[in-house]
Each structure stands twice: as structure tokens, then as C-alpha cells.
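got a sequence here, can you model it:
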Amino acid sequence: MEWVPVLLGGIFRNTGRMSWAQGPEREAGMAEVERRARERGLPPVRWPEPWPNDGLRVMRAAVFGGVPFARAAFRVHFVSGVPLSDASAIFLAADRAGLDPARVLAATEEQAVKDALRANTDRALGSGVSGVPTVVVGGDTFWGDAELEAATA
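Okay, here's the model as predicted:
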């Protein structure tokens, strides 16, 4: 499987959608995420304030830092409750991932990294992605946490 960081806000802009976290289903969605975390033995969710927040810089960092950075960033965001829109959170996630935090932050301003995130997002849109998480298997697109198991069948 190939892990591909995308800019969710860019996907929303191009598909005319918005986050469930900004609509009337916010509370129910948050409760469902918390339930799934408990069910899977994950740490309790601490929602950062504000949430959702600007993901541009952190997704650039994810392009540069790969899966180790992304895992650490999600833990900083949803276990520690720190908004990833803050440079200090990106620094912390990079450090926890064993990466050079200053190098990761610097990479977020590099044109090649910006272009890679844009290309990833365009590729996702071209594959029919309308939100995250999405898994594309062959020509089939599986969107949402509830669909991830179906993607393995």
C-alpha cells in the first residue's frame, strides 16, 4: 500500500464539500471517533483547540517526513491535543519521529515539497477521492474509516 499525504482543504474546495466537524454532525462524529478509539485500544482522544485547523504546513511536513512523521503528528494532535497548525507542534512531531525538527520545518517552505503536496492532492482528486481516509484498490475507491476493512476484501 502506498501512503499519500494530501491537502484535505484542497480536496474540499475542489469537490464542494466541507468537514463533518464544521457541520451539525460535529458532536456525533466526535463521539464516534472517541468510541472507535476506545474500541481499538487507542489512547483517549484530546481534541485540539481549534479543531479542525489549518493543515497546509503540517501536510507539507508529512510529504517530507513520511509515515514516521505522520504517525507522530497525529499523536501530537489527537493524544496531546495540540493543534498541528502551530509550528511548535510540527517541531514536536518531527522530534518524536526521530527527524531533525529544524530540517522538517525548513522543508515546509521548499518548492519541491509544496509541488509534491499539490501533485498528491491532484492525483487523489483524479482518483475520485472526496475525503480522508480513502483507500484506492484497483479501480475501486473506499472512503471513510468504516470502509477501510472493505478495501482489504
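
which element is V135 on?
strand 134-137 (DSSP states H and E).

can you give me the buried ones in that strand?
With burial defined by 16 or more other C-beta atoms under 10 Å, the residues of strand 134-137 counted as buried are T134, V135, V136. In short, each C-beta sits where N, CA and C put it, glycine included.

dump the residues you listed to CSV, plus pLDDT and distance to R13.
Putting these into CSV (pLDDT from 0 to 100; distance: C-beta to C-beta, whole Å) gives the following:
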residue, pLDDT, distance to R13
T134, 86, 16
V135, 85, 22
V136, 82, 20
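
and those as TSV, adding distance to E27?
Formatted as TSV, these follow (distance: C-beta to C-beta, whole Å):
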residue	distance to E27
T134	24
V135	27
V136	30
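
alpha carbons of the strand holding V135, as CSV, please.
These are the backbone C-alpha positions of strand 134-137, laid out as CSV (Å, rounded to 0.1, in the frame of the first residue of the first chain):
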residue,chain,number,x,y,z
THR,A,134,-9.6,6.9,1.4
VAL,A,135,-8.1,3.8,0.0
VAL,A,136,-8.0,3.1,-3.7
VAL,A,137,-7.7,-0.5,-4.7
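
direction included, what does it pair up with?
Sheet pairing for strand 134-137, assigned by DSSP bridges, gives strand 140-143 (antiparallel).
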